[in-house]
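[1] The following block contains a protein sequence and its predicted model.
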Amino acid sequence: MIVELTIYLILATLLSAIRRVISGMKNGAFYGKTGPHSPKLDKYINNLHFLETPAWYAQFGAVFFYTFALFRVVNYSIEWQDILLQFTAAMLVTMGTSAAASYHFQGWINYGENSPFLNPKEDTMSEFAWGPIKFWWPRGFLDRHKKLVALVGAIVAMAGIYLGLYL
């Protein structure tokens, strides 16, 4: 059990550190946009998605591993059904947390584009950009539906917490 938990906690800690480094890179791109800067920032100044995509995976990957480690400690079992339930519960917490924040996350981006917080003319596509991979894919929820997604996300996260701790 100790080795298993150590692995999860090391992964979570590494992902948290990576997220912090990416935050520094994003700050560098922000400050470099209006003045002299290192050419190493050009890619990120031109497209912040090259920072934001891996930042999302690092941030919520860390949430997953911290949560999964907690669920494994609270209800330790070696039965595959129990481990699958804990894994699923940690995924629900992770994805629910992301969805719960999505309304405000996009709203503040809209303000940065001088658009209303809830923008009816928001782009219907979202960009994935990581290393050499870059593509656009349809957003699942737009405009007023984001409030519903945030509410459902919070409920899903709470359901994951309940599953992970009490079942």
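    Everything's here; your move.

[2] show me where pLDDT drops low in this structure?
    Scanning the chain for pLDDT under 70 picks out the ranges 143-144.

[3] residues touching the most far-flung residue of the chain relative to its centre, list them.
    In terms of distance from the mean C-alpha position of the chain, Pro36 ranks first, at 30.7 Å (C-alpha atoms, centre = their mean). Contacts for Pro36 (C-beta atoms under 8 Å, 6 or more residues apart in numbering) come out as none. The way it works is simple: take the backbone N, C-alpha and C, and place the C-beta from them, glycine included.

[4] What separation do you get for it and Asp42?
    Applying C-beta to C-beta, to the nearest Å, the value for Pro36 to Asp42 is 12 Å.

[5] now do Val93
    37 Å.

[6] now do Trp80
    Counting by C-beta to C-beta - Trp80 and Asp42 are separated by 48 Å.

[7] Compare neighbour counts for those two and give me the winner.
    More crowded of Trp80 and Asp42, by other C-beta atoms under 10 Å: Asp42, with 12 against 8.

[8] Does anything pack onto the helix or strand harbouring that one? Which helices or strands?
    Secondary structure assignment for Asp42, by DSSP states H and E: helix 42-46. Contact partners of helix 42-46 among helices and strands, from 3 or more C-beta pairs under 8 Å, 6 or more residues apart in numbering; DSSP states H and E: helix 2-32, helix 49-74.

[9] For it, buried residues please.
    Within helix 42-46, the residues that count as buried by 16 or more other C-beta atoms under 10 Å are Tyr44, Ile45.

[10] Give me the contact list for that helix.
    Met25, Lys26, Gly28, Ala29, Gly32, Lys33, His37, Phe50, Leu51.

[11] One more: stretch 48-61?
    11-12, 15-16, 18-19, 22-23, 25-26, 29, 43-44, 94-95, 97-98, 127-130, 134.

[12] Just the buried ones from those residues, in PyMOL syntax?
    Here is the PyMOL command that picks out the buried ones among the contacts of stretch 48-61, judged by 16+ other C-beta under 10 Å:
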select buried, resi 11+12+15+16+18+19+22+25+26+29+44+94+95+97+98+129
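
[13] before we move on, back to that, max pairwise distance over the contacts of helix 42-46: which two?
    Greatest spatial distance in these: His37 and Phe50, 15.3 Å, computed using C-beta to C-beta.
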